[in-house]
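In: okay, predicted coordinates and the sequence, questions at the end:
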Amino acid sequence: MPELTKESTRRSVKAGELTLNYYEAGAAADGGLPLVMLHGGGPGASAWSNFARSLPLFAQQFRTLLVDQPGFGDSDKPEITGNFYEFAADAVVAMLDELGIEKVHLLGNSLGGGTAVRLALKYPKRVGRLILMGPGGLSLNLFHADPTEGIKRLYDFAANPSAEAMRAFISVMVVNQDLVTDELVAERLADATKPGAREAMASMGASFMKPDTYEDAFLWREAYKIRHHTLLTWGREDRVNPIDGALVGLKLIPKASLHVFPNCGHWAQIEAAEEFFTVASNYLALHKERVPK
């Protein structure tokens, strides 16, 4: 397979009134469902920053699409109406409609995990299997205090965006501090402060505080409705959505399994990239579903 670069895999598509940016590579030789990956919501987050390491691995087996959610990366940055999870889920479905894709596996990290869950709940027939990494909304901290350390660092950056605040945020995402490079800090800082990015983050955050819709983010209340095979994955040392947050979803989702990565934080797809690919791809292989004819 040729090298998969950011530019060679970049695509864009209309999603209702929005234009979403995404990256695509690979094909399923056995006719399996495409795999859509949805990134987290920290400052400077994007599909490429979260999943660039994962794309060459998953593209060997799946038609893989890394999607910049509304307000992130190079996707449009609209004012969020309602709760972000539903807003983003609707946008992803509109994107799939435009691409002529009827059904996909969903893989979501943090904020993207919340979007994936809401999409599966609202559009259950569009989803094959769910793989969730420390998902927002579904995670419920039974023992840890809120806000968690990672969320506090996110707030600190929002209040004073700087290289130092970005480094402090990224440092909480991983156990292996060698991953917190000057290059990564600079790249995420540039994305987090480019035109429209701070306003988009503020709109996303505000969507979780609106009196009429903030309870829509309590996805754990609806976990029992999820009928899809669901793999919950967690870094044992996750300081954003700690490991105890997995327990309610594991108990309530009828077809849920849990895999915990040792010596790993919130970014399992980066910090344990090869192991994460092995676990996720093997899980999907156990629950194969082909593209509808």
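Out: Yes, it's here.
In: quick one, strands of the stretch 1-150 of the chain?
Out: Shown for the stretch 1-150 of the chain, the strands assigned by DSSP state E, counting those that start in this stretch span residues 10-15, 18-25, 35-38, 64-67, 104-109, 127-133.
In: I'd like the distance between Ile151 and Val174.
Out: 16 Å (CB to CB, to the nearest Å). All C-beta spots, glycine's among them, are computed from the backbone N, C-alpha and C.
In: ok, Ala206 next?
Out: 28 Å.
In: export the strands of the stretch 1-150 of the chain as CSV, with columns for mean neighbour count and distance to Ser46.
Out: As requested, those are exported to CSV (neighbours: other CB atoms under 10 Å; distance: least, CB to CB, whole Å):
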stretch, mean neighbour count, distance to Ser46
strand 10-15, 17, 11
strand 18-25, 21, 8
strand 35-38, 28, 11
strand 64-67, 28, 9
strand 104-109, 28, 12
strand 127-133, 26, 16
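In: of the ones you listed, which is nearest Pro195?
Out: strand 18-25 (15.1 Å; CB to CB).
In: before we move on, the earlier item: show me which of Ala206 and Val174 is the more surrounded one.
Out: Using other CB atoms under 10 Å as the criterion, Ala206 and Val174 rank with Val174 on top: 22 against 13.
In: what's the burial count for Leu179?
Out: 15.
In: show the contacting residues for the closest residue to Ile226 other than its chain neighbours.
Out: Among residues not flanking Ile226 along the chain, Ile253 sits closest, at 4.9 Å (CB to CB, 6 or more residues apart in numbering). Ile253 sits next to Ala223, Tyr224, Ile226, Thr230, Leu232 when contact means CB atoms under 8 Å, 6 or more residues apart in numbering.
In: return a PyMOL selection command for the buried portion of the residues you listed.
Out: Restricted to buried positions by 16 or more other CB atoms under 10 Å, the PyMOL selection for those reads:
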select buried, resi 223+226+230+232
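In: which of the contacts of Ile253 fall within strands?
Out: Of these, the ones assigned to strands by DSSP state E are Thr230, Leu232.
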